[in-house]
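**Student:** Structure for this input, please:
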Amino acid sequence: MGNFYSVLKSLRTANGLTQEELAKALKISRSTVGMYEKGSREPDYEMLEAIADYFNVDIDYLLGRTNKTTKILHPQTPFSLKDEKDIAKRLEDTLAELESSQNALMFSGEPLDDETRELLKASLENSIRIAKINAKQKFTPKKYRKNEE
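**Tutor:** Just a heads-up that it's a prediction; the model follows:
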């Protein structure tokens, strides 16, 4: 697989991630990430796709076949790794602020149950993502925008 092992490790470290954090994001074990980085295990095609999508790079870049690092973002996934970290941080900060308020989070006078809290979290995350998309569109110069006439 060429330079896959060194490319993966450099992408991970350049993004300030531990093996544990990358493993959690990819839904694999930390030891699997370690084996990929040592070259003692090779990922299947689906995992290569997942890694490439996570870091927004071409599979050919992961495999050391090209120096082209970034893919064009699809409209369904317009966020970079940094954007995803920003969204997660903003979501956690918002939830922490809501929960630390004097009355905590209440629904019809009752504390939130776990299911309602997860629904609220999903709704907040969706709102933050929409706000980020709108901000990107607003602040991207017209000459770089796609699908606009």
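
**Student:** Give me the helices and strands touching the helix ranked longest in the chain, please.
**Tutor:** In the chain, assigned by DSSP state H, the helix with the most residues is helix 114-139. When contacts are defined as 3 or more C-beta pairs under 8 Å, 6 or more residues apart in numbering; DSSP states H and E, helix 114-139 sits against helix 81-100. Placement of C-beta: from N, CA and C, glycine included.

**Student:** I'd say residue 7 and residue 61 touch.
**Tutor:** Yes. Look at residue 7 against residue 61 with C-beta atoms under 8 Å: they come within range, at 6.9 Å.

**Student:** Can you name the next helix or strand after the lowest-mean-pLDDT helix or strand in the chain?
**Tutor:** Lowest mean confidence among the helices and strands of the chain (mean pLDDT, DSSP states H and E): strand 106-107, at a mean of 66. Sequence order places strand 110-111 as the next helix or strand after strand 106-107, per DSSP states H and E.

**Student:** residue with max distance from the center of the chain?
**Tutor:** Here the chain reaches farthest from its C-alpha mean at residue 109, the gap being 35.3 Å by C-alpha atoms, centre = their mean.
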